[in-house]
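Undergrad: okay, predicted coordinates and the sequence, questions at the end:
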Amino acid sequence: MPPIFPSMTSLQQSRPVGELLRGWRQRRGLSQMDLALRAEVSTRHVSFLETGRSQPSRDMLLHLAEELDVPLRDRNSLLVAAGFAPVFAERPLNDPALNATREAVELVLAGHEPYPALAVDRHWTLVTANRAVGVLLADVAPEMLQPPINVLRLSLHPDGLAPRIDNLRQWRDHVLHRLTRQVDVSADATLAALLEELRGYPVPEAVPDANSRDFAGVVVPLRIRTSLGRLSLFSTTTVFGTPVDITLAELAIESFFPADPETAEALRRAATERARQDT
């Protein structure tokens, strides 16, 4: 059975805890005074912690991490750097302790049909998906569907969905902007490498689409050609509200909704056909 807590070697032990705290504060665009006011401590105390003149208690460290919205994985890193044991567990999704959570995810995905929905981890690796996602994957190169599947790579890769996305330039800009923000917030090296990879893919020309609809800047639709015809979809993201397990904190559900009546009808017909074939 894999360890519940991340190995100590996987955590950031080489940097002093004060340096890590300063990095998260600066990443959030806060001054020492801003953080002190949020945490209800003195600016001097924040300064002393960052410079190493004072060592934080375990409770103070967790309190500051909460105010800085530090991801749970990185809160463990802060604790280890300060000489404390990590407190946030990391279990695989198939761990018996997460049975209820796993069932909830599957219920959400199944309940979203006939529309596509999928669950991903913090690096956009596919965890699970409902059957409607299969509609989007026709004509994708088989090697792109070999686990682990990164859904952002699958979306923009020339052997993935990209050749069938009518508004590829717009969708690419949306994906890269979203990923850039995620890198800025998390400082995740794997996400940063993924961002550079995606930026290296061919940049499509901006082709006017006479059939496109204007969503007034509210959402960026995915307009993709499929065996059902041309589908137009927009997505929402669902995360767990109060996770204390790293796996749950890093799990997100991407749910796609029809952006026009034609897409809704096409997906409903496909679901009806799947149900007929199952009987």
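TA: Everything's here; your move.
Undergrad: need the contact list for residue 135.
TA: 116, 226-228, 231, 267, 270 (C-beta atoms under 8 Å, 6 or more residues apart in numbering). In this view, the C-beta of every residue, glycine as well, is placed from N, C-alpha and C.
Undergrad: likewise for residue 140?
TA: Taking C-beta under 8 Å, 6+ apart as the test, what residue 140 contacts is 154, 159-161.
Undergrad: of all the contacts of residue 135, which comes closest to residue 188?
TA: Taking C-beta to C-beta as the measure, residue 188 lies nearest residue 116 of the contacts of residue 135, at 25.7 Å.
Undergrad: in this structure the closest one contacts residue 234, no?
TA: No. Using C-beta atoms under 8 Å as the test, residue 116 is too far from residue 234 to be in contact (11.4 Å).
Undergrad: please enumerate the helices of the protein.
TA: Ranges of helices in the chain, per DSSP state H, are 17-27, 32-39, 43-51, 58-67, 72-81, 99-112, 151-156, 168-186, 189-199, 246-249, 261-278.
Undergrad: next, format these as TSV and append mean neighbour count and mean pLDDT.
TA: Listed next are those as TSV, based on neighbours: other C-beta atoms under 10 Å; pLDDT from 0 to 100:
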stretch	mean neighbour count	mean pLDDT
helix 17-27	18	96
helix 32-39	16	97
helix 43-51	18	97
helix 58-67	17	97
helix 72-81	22	96
helix 99-112	14	95
helix 151-156	20	97
helix 168-186	16	95
helix 189-199	15	97
helix 246-249	21	94
helix 261-278	14	95
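Undergrad: could you export the ones you listed as a markdown table, including distance to residue 239?
TA: Shown next, in a markdown table, are the helices of the chain (distance: least, C-beta to C-beta, whole Å):
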| stretch | distance to residue 239 |
| --- | --- |
| helix 17-27 | 20 |
| helix 32-39 | 22 |
| helix 43-51 | 29 |
| helix 58-67 | 17 |
| helix 72-81 | 12 |
| helix 99-112 | 11 |
| helix 151-156 | 16 |
| helix 168-186 | 12 |
| helix 189-199 | 16 |
| helix 246-249 | 8 |
| helix 261-278 | 24 |
